[in-house]
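A.B. asks: Could you look at this predicted model? Sequence included:
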Amino acid sequence: MSIPFNRFLCAGLMLLGLLTGAYAQQPRSSFPSKAVQTVVPNEPGGGLDLVARLLAKGLASSLAQAVVVVNRSGASGNIGTASVARAEPDGYTLLLTGIGHLVSPLLHSRAGYEPLKDFEPIAKIATAPNVLVVHESLKGMSLAQLLDDPRSRSAGIAFASAGYGHSSHLAAEVFMARTGARWLHVPYRGTGPASRALIAGEVQLMFIPAGSVKTLLATGTAHALAVAHPQRLESLPATPTFAELGIRGAEFSQWYGLFAPAGTPGSVTTLLQDAVASFLADNTVRRQLESLGLEPSTMGKDEFTAFLGAEAKRLGALVKSERVEGALN
């Protein structure tokens, strides 16, 4: 016996209504239902740490949950970074890091993580151009005079870095490749020790991310000579760029980005991306970042992922260059 079509249709609509009601009763994602932890793989007080604490405050407001900054330094940032790679991919453990995220595995075979495989990029937060800073003993020299000094071509001038492969090291290597300078590299364990060495006159110059330069310049014994960036910085309006001084192709910047462990659900990373975008859209926040010498970014996770792929290739070629690889072997 056939079932009348109208009865069949009514039954189907009733079933659809039951399924729709059941779906509507399913709880929405509760993320975040507890505090979110942001790991910084550096010591407290540096430019990355300052950005992390600004970001934590902004994210806490957007997410309506506490966001806690945890400094987990050591092994060139590998300890903190690897700990996030191993964390539960649920959005409650994040990583705020910089260019060393890509460089460290190129220098250390046991870094403990793979930068492009073990993490979900969320957003690029800011760019920190490097600034060439000199000790007061070189204060009276222009950049052209510094490069003409015979010591510049015979390792008679020493530069500090925060360690092999750090932004401060690679910026100097790019500059030397463009100008023919041959300065002596003296690596330290972090930006703080390198800055103190410059203040004490142990070295004559260093490249330092703009986020940390104000603290160094405040000592009065260090002076900004030029900016490794296409434009002058709002925080250092009187300091010229390399291009203004006739040196092109020597720009090199640090960057800061937010990551989650690989496998974190897309709904969570999208929510976090939107929270970062809200944070960076605040004019007060932008002014705070700019006052630190940083340029706020607008890269969400898709654009940031593409940026990281290109950056990994660029940095890989730089680290494998004759000067850098030779210094490491």
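C.D. replies: Yep, that arrived.
A.B. asks: C-alpha from now on. contacts and neighbour counts both.
C.D. replies: Will do.
A.B. asks: what's the spacing between the longest strand along the chain and its chain's center?
C.D. replies: Longest strand in the chain, counting residues (DSSP state E): strand 119-135. Put simply, strand 119-135 sits 5 Å off its chain's centre (CA atoms, centre = their mean, to the nearest Å).
A.B. asks: That strand pairs with which strands, parallel or anti?
C.D. replies: Applying DSSP bridges to the sheet, strand 119-135 is found paired with strand 205-209 (antiparallel), strand 222-228 (antiparallel), strand 253-261 (antiparallel), strand 295-296 (antiparallel).
A.B. asks: what's the next secondary structure element after it?
C.D. replies: helix 143-148 (DSSP states H and E).
A.B. asks: Can I get that next one in CSV, CA atoms only?
C.D. replies: Coordinates of the C-alpha atoms in helix 143-148 are reproduced here as CSV (Å, rounded to 0.1, in the frame of the first residue of the first chain):
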residue,chain,number,x,y,z
LEU,A,143,78.3,56.2,8.3
ALA,A,144,80.5,56.9,5.3
GLN,A,145,83.5,57.8,7.5
LEU,A,146,82.9,54.6,9.5
LEU,A,147,83.0,52.5,6.3
ASP,A,148,86.1,54.4,5.1
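A.B. asks: quick one: contacts of the helix or strand just after that helix?
C.D. replies: Sequence order places strand 158-161 as the next helix or strand after helix 143-148, per DSSP H and E. Strand 158-161 has contacts (CA atoms under 8 Å, 6 or more residues apart in numbering) with 168-169, 183-188, 190-191, 194-195, 197-198, 203-207.
A.B. asks: switch to 7 Å and redo it
C.D. replies: 168-169, 183-188, 194, 203-206 (CA atoms under 7 Å, 6 or more residues apart in numbering).
A.B. asks: and that strand, C-alpha only, in CSV?
C.D. replies: The C-alpha coordinates for strand 158-161 follow below in CSV (Å, rounded to 0.1, in the frame of the first residue of the first chain):
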residue,chain,number,x,y,z
ALA,A,158,83.8,44.7,16.8
PHE,A,159,80.0,44.4,16.8
ALA,A,160,77.9,42.7,19.4
SER,A,161,74.9,40.5,18.7
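A.B. asks: picking that back up, highest mean neighbour count out of the strands paired with strand 119-135?
C.D. replies: Highest mean neighbour count among the strands paired with strand 119-135 (mean count of other CA atoms under 10 Å): strand 205-209, with a mean of 31.
A.B. asks: Name the residues that touch that strand?
C.D. replies: Contacts for strand 205-209 (CA under 7 Å, 6+ apart): 128-135, 158-161, 168, 171-172, 198, 254.
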